[in-house]
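# Okay, predicted coordinates and the sequence, questions at the end:
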Amino acid sequence: MRWALVRVSLAVTAMVVLAFAVPLGLVIKEMAKDRAFSNAERQAATLGPVLSIAQGREQLEWAVRSSPIGDTGQLAVHVPASDEPGSLPMEIGTRRAAQKDLLATQRLGRASIAEVSGGSALLQPIAISTAKIAIIEVFVPEDEVSNGVATAWLVLAGVGIALIVGSVAVADRLGVRMVQPAQRLAGAAHDLGEGRLGARVPEKGPTELRSAAIAFNSMADQVVQLLANERELAADLSHRLRTPLTVLRLNAASLGESPAADQTRAAVAQLEREVDTIIRTARKAKPQTRATTPGVGCDVSEVIHERMDFWSALAEDEGREVRLAGVGRPLRIPVARPELAAALDALLGNVFRHTPEGTAFAVDVHHADDAVIVLVSDAGPGIADPEAALVRGNSGAREGSTGLGLDIVRRVAESTGGDVRIGRSVLGGTEVRIWIGLGLGGWRSARGTRSARSAGERRGHRLRRRRAEH
């Protein structure tokens, strides 16, 4: 495209230059010719009155010599013979015109131009008496006729070349401005096709190419998001297998000593390693905030009771003291039941995996006008780096730990506009606080009433203040 624009610009500019320069050069040539012959006519006109009053050859020769061009050999006077007996025609100066041209000028009675060797001759008739016409011949050399024409052609040629070069340069820059964004777009598409998902295109250039770059970047973001969601789904499913695996591991530990028990424990351990491998190899992806739709939600108290019934049996086997508070009444939240159950299983499973047997833990629920806060705390050793624990794939140096469980919890909280924080619990160990917002989904309490938009905005301000206080 770049060279095509350059060629088109070169052709168009060359045609324009030729269309204007050639006629202008011809006009300048004609003007130079007219200037030279006009000057010759003025020279002949100054000599006309002298011919009318001059008597004899001496006076005519003196008149010719007194002319500005008389001594240059460019002026000649042809006087016909008079009516006196024995009178002969006179020629003063150097004659260059042919006799037939002189006779034709006398016959026509008007000035004419004759081609002669080395230039042209202006033949100007002058009446000196009745029926007697003298001819003044002014020689105009060829260099006077073309004086300044070569310079004018050179100037026109220079201007034309400058215009062509300038138009080619502008066309080249325009081509670069159009081609480079297209090349960047093609390169980014090639990179994306080869799996380099970070390929993006600068949104610069002409409007059409800028729109194409914006569309490409949007498409690339969607591809990345789709792949991330796919990997995330695979990792989530793998992590959810940990809950039954934990049960199997605890049950296998109570089988005693026998070859079958050893094989069962070995199989469970291998299955745990495989699940951990799947989770670690799943690509890291930015959590996607899920929009909450009306009518989707669950009773947090009911779900917590259900999951605690499951984990309490394991806690009793390991001698763990369990405390449950704040779940005495229904609390509706804008989170799907499976999502909340997966988040609770992830947190409670971490308690059983990463704290010694006999370690106490507690689940507390606090309800405010704008949020529900779920606290899962334990009396274990705690988490050394809470910030790193919230990063996918980096919850600590513990083998098999990927941080995906906390990532599931965080996505559940963020889907409602809330968040997850890790700190020290009153029991001495780790406290994971899940802040579930109620304003985004339009949920209030068990009454299920909806608020207007302005009320929702006020709730958002109060929610941010409560976060700051906590």
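Nice, I can see it.

# And the helices in the stretch 151-300 of the chain?
With DSSP state H, counting those that start in this stretch as the criterion, the stretch 151-300 of the chain has helices at 207-240, 242-253, 259-281, 300-317.

# Just put those in TSV and tack on mean neighbour count, mean pLDDT and distance to L102.
All C-beta spots, glycine's among them, are computed from the backbone N, C-alpha and C. Below are the helices of the stretch 151-300 of the chain laid out as TSV (neighbours: other C-beta atoms under 10 Å; pLDDT from 0 to 100; distance: least, C-beta to C-beta, whole Å):
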stretch	mean neighbour count	mean pLDDT	distance to L102
helix 207-240	15	78	76
helix 242-253	17	73	125
helix 259-281	14	71	112
helix 300-317	17	88	127
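
# Reformat these as a markdown table; add distance to M178.
Listed next are the helices of the stretch 151-300 of the chain as a markdown table, based on distance: least, C-beta to C-beta, whole Å:
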| stretch | distance to M178 |
| --- | --- |
| helix 207-240 | 7 |
| helix 242-253 | 55 |
| helix 259-281 | 44 |
| helix 300-317 | 58 |
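
# For E318, the count of nearby residues, please.
Other residues near E318 come to 14 when the count uses other C-beta atoms under 10 Å.

# quick one, what contacts it?
By C-beta atoms under 8 Å, 6 or more residues apart in numbering, the contact set of E318 is L250, F352, E357, G358.

# Which of the residues you listed sits closest to G428?
The nearest member of these to G428, counting by C-beta to C-beta, is G358 at 13.6 Å.

# count of residues packed around that closest one?
For G358, using other C-beta under 10 Å, the count is 11.

# So it belongs to a strand, correct?
No - read with DSSP: H, G, I helix; E, B strand; the rest coil, G358 is coil and lies in no strand.

# Find the nearest non-adjacent residue to it, please.
G319 (4.5 Å; C-beta to C-beta, 6 or more residues apart in numbering).

# That neighbour - that's part of a helix, no?
No - under three-state DSSP, G319 sits outside any helix and is assigned coil.

# That one and E357 touch, don't they?
Yes - under the criterion of C-beta atoms under 8 Å, G319 makes contact with E357 at 6.2 Å.

# What distance do you get for V165 to A14?
Distance of V165 to A14, given as C-beta to C-beta, to the nearest Å: 11 Å.

# Can you give me the buried ones in the host helix or strand of I128?
I128 is part of strand 119-129 when elements are defined by DSSP states H and E. Neighbour counts using 16 or more other C-beta atoms under 10 Å place G119, S120, A121, L122, L123, Q124, P125, I126 of strand 119-129 among the buried residues.

# Dig out what the third one forms beta bridges with.
In other words, A121. A114, F139 (DSSP bridges).

# my read: it touches E142, true?
No - using C-beta under 8 Å as the test, A121 is too far from E142 to be in contact (11.8 Å).

# For burial, what's the neighbour tally of S425?
S425: 21 neighbours (other C-beta under 10 Å).

# er, D172 I mean
Neighbour count for D172, taken as other C-beta under 10 Å: 16.

# How about V176?
By other C-beta under 10 Å, neighbour count at V176 equals 13.

# shaky segments in the stretch 351-470 of the chain?
For the stretch 351-470 of the chain, the stretches with pLDDT under 70 are 391-405, 439-470.

# quick one: secondary structure of L26?
helix.

# Renumber starting at 34 from here on
In the new count, where the first residue is 34, that last one comes out as L59.

# Report pLDDT for it.
L59 is assigned a pLDDT of 85 by the prediction.

# now it: how far from W36?
Distance from L59 to W36, by C-beta to C-beta: 34 Å.

# L189 and V60: what is the separation?
To V60, L189 is 11 Å away according to C-beta to C-beta.

# likewise L242?
45 Å.

# ok, now R210?
Distance from R210 to V60, by C-beta to C-beta: 39 Å.

# Compare the two and say which is more crowded by neighbours.
R210 (14 against 11).

# who's in contact with the nearest residue in space to that one that is not next to it in sequence?
Distance criterion C-beta to C-beta, 6+ apart; nearest residue to R210, sequence neighbours excluded, is G238 at 6.4 Å. Residues near G238 by C-beta under 8 Å, 6+ apart: R210, M211, Q213, P214, A246.

# In this structure P414 contacts G462, no?
Yes - shown here, P414 and G462 form a contact pair, counting by C-beta under 8 Å, at 6.6 Å.

# Mutual contacts of those two, please.
Counting by C-beta under 8 Å, 6+ apart, the contacts common to P414 and G462 are T388.

# Please identify which of the two sits among more neighbours.
The neighbour count for P414 versus G462, taken as other C-beta under 10 Å, is higher for G462 (20 against 13).

# Which residues are in contact with the most centrally placed residue in the chain?
Among the residues of the chain, the one closest to the centroid is K237, at 1.6 Å (C-alpha atoms, centre = their mean). Residues counted as contacts of K237 (C-beta under 8 Å, 6+ apart) are P214, R243, A246.

# For the last one, give its distance to G226.
To tie it back to what came earlier, the one meant is A246. 17 Å.

# Ok, the second one next?
If you measure R243 against G226 using C-beta to C-beta, the figure is 22 Å.

# just A404 next, same as before
In this structure, A404 and G226 are 45 Å apart, going by C-beta to C-beta.

# okay, those two: which has more neighbours?
A404 (24 against 9).

# Test my guess that that one contacts D452.
No - taking C-beta under 8 Å as the definition, A404 is not a contact partner of D452, at 10.3 Å.

# Which neighbours do the two have in common?
By C-beta under 8 Å, 6+ apart, A404 and D452 have these common neighbours: W468.

# For V55, which three-state class applies?
Using three-state DSSP as the criterion, the local structure at V55 reads helix.

# what's the answer for G456, then?
Following three-state DSSP, we place G456 in the strand state.

# show me what contacts it?
P419, T463, E464, R466.

# quick one: which of those residues has the most company?
Busiest of the contacts of G456 [other C-beta under 10 Å] is T463, holding 25 neighbours.

# From G106, how far off is that one?
121 Å.

# cool, I406 as well?
120 Å.

# Who has more neighbours out of these two?
I406 (17 against 11).

# buried set for stretch 383-391?
N383, V384, F385, R386, H387, T388.

# Next, the distance between the ends of that stretch.
Terminal residues of stretch 383-391 lie 14 Å apart, using C-alpha to C-alpha, to the nearest Å.

# So what's the gap between it and the chain middle?
Distance of stretch 383-391 from its chain centroid, counting by C-alpha atoms, centre = their mean, to the nearest Å, is 54 Å.

# What lies in contact with that stretch?
275, 279, 283, 344, 347-348, 351-353, 392, 394, 409, 411-414, 431, 434, 438-439, 462.

# quick one: the residue nearest to W186 when sequence neighbours are not counted and M48, what's the gap?
The shortest distance from W186 to any residue other than its chain neighbours is 5.4 Å, reached at G58 (C-beta to C-beta, 6+ apart). Noted for G58: a distance of 16 Å to M48, by C-beta to C-beta.

# which one of these two has more residues nearby?
Set G58 next to M48 and count neighbours by other C-beta under 10 Å: G58 wins out with 16 against 10.

# thinking the more buried one is in contact with A185, fair?
Yes - counting by C-beta under 8 Å, A185 is a contact partner of G58 at 6.4 Å.
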